[in-house]
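Q: here is a sequence with its predicted model. Questions after.
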Amino acid sequence: MRDQFGRAIDYMRVSVTDRCNLRCVYCMPAAGVPFVPHEEILSFDEIARICRIGAELGITKLKLTGGEPLVRRGLPDLLGMLKRIPGIEQVTLTTNGTLLKEQINELVSNGLNSVNISIDTLDPERYREVTRGGSVEKAWEGLDAAAGFPGLRVKVNCVPLQGAEDEEYIRLALLAKEGKADVRFIEMMPIGMGKVFSGRSKEEIYSILKQVYGEPEAYDGRLGNGPAVYVQFPGFRKHVGFISAVSHQFCSGCNRIRLTSEGYLKPCLQYGSGTDLKKLLRGGADDDMIRREIERTIFSKPASHQFDASCAAVPGEESGNEGDEDTGDGDSLEKKGMSRIGG
Ligand code: SAM
Ligand code: SF4
């Protein structure tokens, strides 16, 4: 269906957990976050019901995310359930990759269409620092296992951080040169801990890579459902992409909504507004009532985020409220971190 600005909404990001086995510095505070009690997290049947009603309204693509989606037991079963919903064409996954090797066979046999693996650096020591204790070997094993499936699209996502060595990005881009994965550089967003960490800009990374790999060509084709802008460097077998939500806003073409693991449907990442679908589901609402609420939420999607305006906001993430930072135009800003919203 279309929202109030005529944008076709056909993509839903579905967070299956707020828990994670890593603690990336820009995503979670060092002390961790208070986890949502298990009973407040949607069951697989509840997620599938919302996705089925969403599919009736034109959602065709689902992305499973978190927290770390692979820490949720039985995730491949959920993937299979979602793939069987009439109208759902693609189910994809975003993961840190550390548990992927063990689960990739079952995920692929249950219909996984593509996987994004977040690896901010291939340097073992730096990876340990950024993830507060993670093992890049585990993430690499996951990437390697995924890259072994010829029909599976594999992308590596990196959020470049201030203070990192240029060499780290040159090494990551090599994955695209060698044909292992498309590699995307994602601009830091002022969400959760992202408000207190500075990232490196698209322009910086682009110029580092250009010096080493030569002048790239723009790539016009589509490589997924998102807003990445891709280029192809000479001799590369795969692509390098840039996702720059803050500096190169792409809201006018936004096609997505988000379902948090607690069953809150959000029309925009940045705002706290949305609809508590879990309350409806558990209160005995029938499909028509839920459909009307999903429709209303999609229709109300804001024109754009205001990351620029909110960059100076206090870094007080995880207030526990659905959002209470007034933007001055009647809507309120999201105060939860990425792991809790579903990045
Ligand atoms: N745990 C999985 C992972 O790391 O891929 C899925 C959830 S994670 C929240 C999804 C993506 O959001 C990761 O690629 C992560 O780097 C990114 N992310 C987290 N906080 C961010 C921020 N403030 N700005 C930009 N990207 C962020
Ligand atoms: Fe976990 Fe992903 Fe957040 Fe890192 S970015 S802490 S892997 S949820």
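A: Arrived safely, thanks for sending. Ligands and ions are numbered 1, 2, ... in the order given.

Q: which phi and psi does the closest residue to ligand 1 within the stretch 1-150 of the chain have?
A: Closest approach between the stretch 1-150 of the chain and ligand 1, counting by C-beta to the nearest ligand atom: Ser118, at 3.4 Å. Using the backbone N, CA and C atoms, a C-beta is placed for each residue, glycine as well. Per-residue torsions, Ser118: phi -90, psi 110 (degrees, to the nearest 10).

Q: report how many residues lie close to the closest residue to it other than its chain neighbours.
A: The spatial neighbour of Ser118 that comes closest, neighbours along the chain excluded (C-beta to C-beta, 6 or more residues apart in numbering), is Asn157 at 4.7 Å. With neighbours defined by other C-beta atoms under 10 Å, the count for Asn157 comes to 23.

Q: list the contacts for Trp51?
A: Actually, residue 51 is Cys rather than Trp. Met12, Val14, Ile59, Leu62, Leu82, Ile85, Ile88 (C-beta atoms under 8 Å, 6 or more residues apart in numbering).

Q: any buried residues in stretch 208-228, and which?
A: Buried residues in stretch 208-228, counted by 16 or more other C-beta atoms under 10 Å: Ile208, Leu209, Tyr213, Pro216, Tyr219, Leu223, Gly224, Asn225, Gly226, Pro227, Ala228.

Q: those into a markdown table, with extra columns for secondary structure?
A: Shown next, in a markdown table, are these (DSSP: H, G, I helix; E, B strand; the rest coil):
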| residue | secondary structure |
| --- | --- |
| Ile208 | helix |
| Leu209 | helix |
| Tyr213 | helix |
| Pro216 | coil |
| Tyr219 | strand |
| Leu223 | coil |
| Gly224 | coil |
| Asn225 | coil |
| Gly226 | coil |
| Pro227 | coil |
| Ala228 | coil |
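
Q: now do stretch 184-193: distance from first to last residue.
A: 21 Å (C-alpha to C-alpha, to the nearest Å).

Q: are it and ligand 2 in contact anywhere?
A: No. Legend: contact between stretch 184-193 and ligand 2 by C-beta under 6 Å from any ligand atom is lacking; minimum distance shown is 8.8 Å.

Q: for stretch 271-283, buried residues please.
A: Tyr271, Gly272, Ser273, Gly274, Thr275, Asp276, Leu277, Lys278, Leu280, Leu281.

Q: if we look at the sheet, which residues does the first one bridge to?
A: It refers to Tyr271. With DSSP bridges applied, Tyr271 shows beta-bridge pairing to Leu333.

Q: and it, how far is that from Lys301?
A: 9 Å (C-beta to C-beta, to the nearest Å).

Q: with the fourth one instead?
A: According to C-beta to C-beta, Gly274 and Lys301 sit 10 Å apart.

Q: and the strands in the stretch 1-150 of the chain, which stretches?
A: With DSSP state E, counting those that start in this stretch as the definition, the stretch 1-150 of the chain shows strands at residue ranges 11-15, 61-65, 90-95, 114-118.

Q: around ligand 1, pick out the residues from the stretch 151-300 of the chain.
A: Of all the residues in the stretch 151-300 of the chain, those lying near ligand 1 are Asn157, Val159, Ile186, Met188, Met189, Ile191, Gly192, Gly194, going by C-beta under 6 Å from any ligand atom.
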